[in-house]
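Trainee: Make a model of this:
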Amino acid sequence: MKLPAGVAAQPAASRGRLHREPDSGPRGPRDVFQRDRDRIIHSVAFRRLRHKTQVFVAPDGDHFRVRLTHSIEVAQIGRTMARALGLNEDLTEALCLAHDLGHPPFGHAGEDALNAALADASGFDHNAHTLRILTRLETPYPDFDGLNLSWEALEGLAKHNGPIASPTWAMVNANAEWDLELATWPSLEAQVSAIADDIAYDNHDIDDGLRSGLLDLDELIELPLVRRHWDAIAKRHPGISLDKQQRALVRDMIGTMVGDVLDETARRVADAGAQTFDAIRAARRPLAGFSDALAAEERELKRFLYARLYDSPQLQGIRREAERIVTNLANTYRDDASRLPPPWQHGEAINQLRTIGDFIAGMTDRYAISRHEELVGPVNLPADRF
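Mentor: As a prediction, this is how the structure comes out:
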């Protein structure tokens, strides 16, 4: 299943970092991609993911996923696939860990509200904001802003979902500083990280949805993909408890999806005749992904999750309140920028609006709630948020 060795990202062949870093001070035995991963893990933005929404807003339950646990689970799946394919595990892991850094509080609800509130400043996009965090907003180093990640890490994060035909302003700014070749497909490591994200949230949202009671098990197992696994588990382990069968379902679904991606990716790379790292981009199409058959079943699963979980009446009410919180905060800071902490106050109008976006996007769910209660008024989130 190993791919040709030349298609993997090689640390020694990296295009390096935008800002030259003298080899002074203790560094340890780490290559460029290992340092990328470690810089992400030690960043403030990564720590904040602990209190940012995955599906459930500011969840009270200890067992539900948040952005941090989701990112760790994506990294585990991504690294497993990278190892099996012979890709660079450290670059893959770095991309998986960082892919959600740009999300504002309350997940996609918060992003939609922030994008609308800042429409006259060209809006907000979480993927581009990830690049903004990594190149400007994180400032742990004395000689430059940002984490100064490798070109391959920044390119993979910019394009992990494929080429970008119409970049938003934050992506344009990042790309102007260092050309990330936005029109091409990224490395296989980036493509694998994107598929790992799909596999993780498909299956872990099933787990959380069943745990919360928002998903109906009988409806879920009507999906052919789920039914095959459910029946196979019952046959292998007759008489096990419902809880154990549900947890086995999630494990087996992940295993099936991972195996399918490995086989399909090997097939596509062979068909493309790709032997080198640059040949992956020259293919002009994704070379990592699901087979056609599993892709169709995975889309059916996603439609089910949107209808029964993400767009459920219980979560829609919470989503509307989350949007109200973000909108009110944006309007409050727009009306009076002096309410922002001093480092976030700027004079030029467009920069001030975008800085307001930066400030709000950095908030955790609970910090946004507390700021709203302090500056605007009470929030109406239900006490039981699953």
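
Trainee: Every contact and neighbour count from this point should use C-alpha atoms.
Mentor: OK.

Trainee: so how far is the first residue of stretch 4-13 from its last?
Mentor: 16 Å (Cα to Cα, to the nearest Å).

Trainee: outside of that stretch, which residues touch it?
Mentor: 31-33, 86-88, 91, 187-189, 274-280 (Cα atoms under 8 Å, 6 or more residues apart in numbering).

Trainee: what's the answer for stretch 286-298, then?
Mentor: Here stretch 286-298 makes contact (Cα under 8 Å, 6+ apart) with 162, 185, 188, 191-192, 195, 224-225, 257, 260-261, 264-265, 268-269, 280.

Trainee: centroid residue for the chain?
Mentor: Closest residue to the average C-alpha location of the chain: residue 100 at 3.2 Å, with Cα atoms, centre = their mean.

Trainee: Surely that residue is in contact with residue 71?
Mentor: Yes: judged on Cα atoms under 8 Å, residue 100 makes contact with residue 71 at a distance of 7.2 Å.

Trainee: number of nearby residues for residue 29?
Mentor: 7 (other Cα atoms under 10 Å).

Trainee: So it versus residue 352, what's the distance?
Mentor: On the measure of Cα to Cα, residue 29 and residue 352 end up 42 Å apart.

Trainee: Repeat that for residue 112.
Mentor: Distance, residue 112 to residue 352, by Cα to Cα: 20 Å.

Trainee: host element of the residue lying closest to residue 97 once chain neighbours are set aside?
Mentor: Closest residue in space to residue 97, ignoring its immediate chain neighbours: residue 71 at 5.1 Å, by Cα to Cα, 6 or more residues apart in numbering. Assigning secondary structure by DSSP states H and E places residue 71 in helix 67-85.

Trainee: Check what contacts the next helix or strand after that helix and list those residues.
Mentor: Next helix or strand after helix 67-85 toward the C-terminus (DSSP H and E): helix 89-98. Here helix 89-98 makes contact (Cα under 8 Å, 6+ apart) with 9, 33-34, 36-38, 40-41, 46, 71-72, 74-76, 78-79, 82-83, 130, 153, 156-157, 189-190, 192-194, 196-197.

Trainee: Touching stretch 331-346 from outside, list them.
Mentor: By Cα under 8 Å, 6+ apart, stretch 331-346 touches 117, 352, 353, 355, 356, 359, 375, 376.

Trainee: want to throw the residues you listed into a markdown table with neighbour count, secondary structure and distance to residue 51?
Mentor: What follows is the contacts of stretch 331-346, written out as a markdown table (neighbours: other Cα atoms under 10 Å; DSSP: H, G, I helix; E, B strand; the rest coil; distance: Cα to Cα, whole Å):
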| residue | neighbour count | secondary structure | distance to residue 51 |
| --- | --- | --- | --- |
| 117 | 22 | helix | 23 |
| 352 | 18 | helix | 26 |
| 353 | 24 | helix | 24 |
| 355 | 18 | helix | 21 |
| 356 | 24 | helix | 20 |
| 359 | 17 | helix | 16 |
| 375 | 13 | helix | 21 |
| 376 | 13 | coil | 21 |
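
Trainee: which of those residues lies closest to residue 304?
Mentor: Distance to residue 304 across the contacts of stretch 331-346 (Cα to Cα) is lowest for residue 117, with 30.2 Å.

Trainee: Regarding the protein, what is its longest helix?
Mentor: Assignment by DSSP state H gives helix 242-272 as the longest helix of the chain.

Trainee: roughly how far is that helix from the heart of the chain?
Mentor: Taking Cα atoms, centre = their mean, to the nearest Å, the mean C-alpha location of helix 242-272 is offset from the chain mean by 20 Å.

Trainee: Equivalent analysis for stretch 40-51, please.
Mentor: That offset, for stretch 40-51, works out to 13 Å (Cα atoms, centre = their mean).

Trainee: Is the closest residue in space to residue 352 that isn't next to it in sequence in a helix, a strand, or coil?
Mentor: Closest residue to residue 352 apart from its sequence neighbours, by Cα to Cα, 6+ apart: residue 346 at 5.3 Å. Three-state assignment for residue 346 (DSSP: H, G, I helix; E, B strand; the rest coil): coil.

Trainee: count of neighbours near residue 346?
Mentor: Neighbour number of residue 346 under other Cα under 10 Å is 17.

Trainee: what do you get for residue 245?
Mentor: Neighbours of residue 245 using other Cα under 10 Å come to 19.

Trainee: how about residue 272, what does it touch?
Mentor: residue 283.

Trainee: Need the pLDDT of it.
Mentor: On the pLDDT scale, residue 272 is placed at 96.
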